[in-house]
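Engineer: this one's sequence-less:
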């Protein structure tokens with residue numbers, strides 16, 4: 001009987017893994033944030049802590065549970081120096097029906113001649129509202145400058161609680 005229970009547990013775990021749904025999107029963010037505060041550390045040139053607030057536009061929306069993302073806002077904390085930065089961000093995404101999802105990101109970006117060059121990192125869902133309540137998932141992102149903005153390609157997977 002215990003072998004039967006073990007097989008059932010393995011099959012249930014496999015079905016939970018299979019229930020994960022792929023998600024991807026592309027966001028375009030202004031090159032300059034809406035609000036920014038920087039504090040120089042003073043131990044070497046260019047070393048600073050910065051917190052910024054900004055919003056991005058979905059050029060290819062996230063599609064989750066039949067909903068499409070329409071907006072995105074964020075608060076980001078970065079430790080920077082001449083070569084780049086380590087970033088942590090809290091993001092709020094808005095869906096076309098008004099539901100929201102919350103993301104936490106962490107990553108790095110490089111600088112060249114004091115200009116943003118490339119960024120990448122990981123993200124995890126930190127919750128949601130409405131149809132997205134209890135969402136779980138994670139993924140990666142890669143960003144690159146395009147003109148006066150930064151374009152980020154986001155890939156990952158999610159699960160929603162069973163109803």
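Structural biologist: In hand now; what should we look at? Predicted, not measured: the structure shown is a model, and the values here were computed from it.
Engineer: right, and the helix or strand after whichever strand or helix holds residue 52?
Structural biologist: In the assignment (DSSP states H and E), residue 52 maps to strand 48-60. Per DSSP H and E, strand 48-60 leads on to strand 63-64 as the next helix or strand towards the C-terminus.
Engineer: And that following strand, what does it pack against?
Structural biologist: The contact analysis (3 or more CB pairs under 8 Å, 6 or more residues apart in numbering; DSSP states H and E) places strand 63-64 against strand 21-30. All C-beta atoms are positioned from the backbone trio N, CA, C, and that covers glycine.
Engineer: Could you tell me which strands sit next to the helix or strand that the strand it packs on is followed by in the sheet, and their orientation?
Structural biologist: Downstream of strand 21-30, the next assigned helix or strand under DSSP H and E is strand 35-40. Paired neighbours of strand 35-40 in the sheet (DSSP bridges): strand 48-60 (antiparallel).
Engineer: Just the angle for the strand it pairs with relative to strand 21-30, thanks.
Structural biologist: 120 degrees (axes from the mean of the first three to the mean of the last three CA atoms, to 10 degrees).
Engineer: Show me the shaky parts of this protein.
Structural biologist: For the chain, applying pLDDT under 70 flags the ranges 1-18, 114.
Engineer: so where do the helices sit in it?
Structural biologist: Using DSSP state H, the helices of the chain run over residues 2-18.
Engineer: Residue 34: how many residues sit nearby?
Structural biologist: 10 (other CB atoms under 10 Å).
Engineer: Let me see the contact set for the closest residue in space to it that isn't next to it in sequence.
Structural biologist: Leaving aside its chain neighbours, residue 34 sits nearest to residue 54 (5.0 Å; criterion: CB to CB, 6 or more residues apart in numbering). Counting by CB atoms under 8 Å, 6 or more residues apart in numbering, residue 54 makes contact with 29-30, 33-35, 73-74, 76.
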